[in-house]
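Undergrad: Return a 3D structure for these sequence lines:
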Amino acid sequence: MFKWIRSFTDQRIFKIKFGNNLSKCYNLQTGLPQDAVGSCSFFNLYINDLVSALKTVKDVDCLLFADDLVIWTQAPKRNAKSLIENKINKALDILSDWCIKNNMTVNLEKTATQTFLQLTKHSSLT
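TA: Now for the predicted structure:
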């Protein structure tokens, strides 16, 4: 099994096609072949420790789906903004350290934040 995994990930070469032009061959330093059956499983194994690292921050939860990550937390209304910012920033520091250690990057163009508030009084949404 080890030999098969090594042959799947080592000695990968690629060319770049732009219009009708084809570049010379380059060696792929990192990564997995796109659309290969085993690539998703290997990627999931590679990032398997990320969730447990992020959950070391008290009251922070996260989920992975393929290569998407969601991080969330909650706080009581009093000082909520400050508490949430502190927790999420701690988790983002861990994510940053994990990415550096594992030669990964976060695509900031695909990164978004969302805030949800629980209404305590009935309100009309007109």
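Undergrad: And the longest helix seen in the chain, what does it pack against?
TA: Assignment by DSSP state H gives helix 80-101 as the longest helix of the chain. Contact here means 3 or more Cβ pairs under 8 Å, 6 or more residues apart in numbering; DSSP states H and E; on that basis helix 80-101 packs against helix 50-54, strand 60-65, strand 68-73. Using the backbone N, CA and C atoms, a C-beta is placed for each residue, glycine as well.
Undergrad: what mean pLDDT does it have?
TA: The average pLDDT for helix 80-101 rounds to 93.
Undergrad: and the angle from it to strand 60-65?
TA: 50 degrees (axes from the mean of the first three to the mean of the last three Cα atoms, to 10 degrees).
Undergrad: and helix 80-101, how far from the chain's centre?
TA: How far helix 80-101 lies from its chain's middle: 13 Å, per Cα atoms, centre = their mean, to the nearest Å.
Undergrad: So for it, what gets flagged as buried?
TA: By 16 or more other Cβ atoms under 10 Å, the buried positions in helix 80-101 come out as 84, 87-88, 90-91, 94-95.
Undergrad: List just the nearest of those to Cys40.
TA: Cys40 lies nearest to Leu95 out of the buried residues of helix 80-101, by Cβ to Cβ, at 20.8 Å.
Undergrad: Isn't that closest one up against Val106?
TA: Yes - if you go by Cβ atoms under 8 Å, Leu95 and Val106 touch, sitting 7.0 Å apart.
Undergrad: related to what we said a few turns ago, for the longest helix of the chain, which outside residues touch it?
TA: 49-50, 53-54, 56-60, 62, 69, 71, 73-76, 104-106 (Cβ atoms under 8 Å, 6 or more residues apart in numbering).
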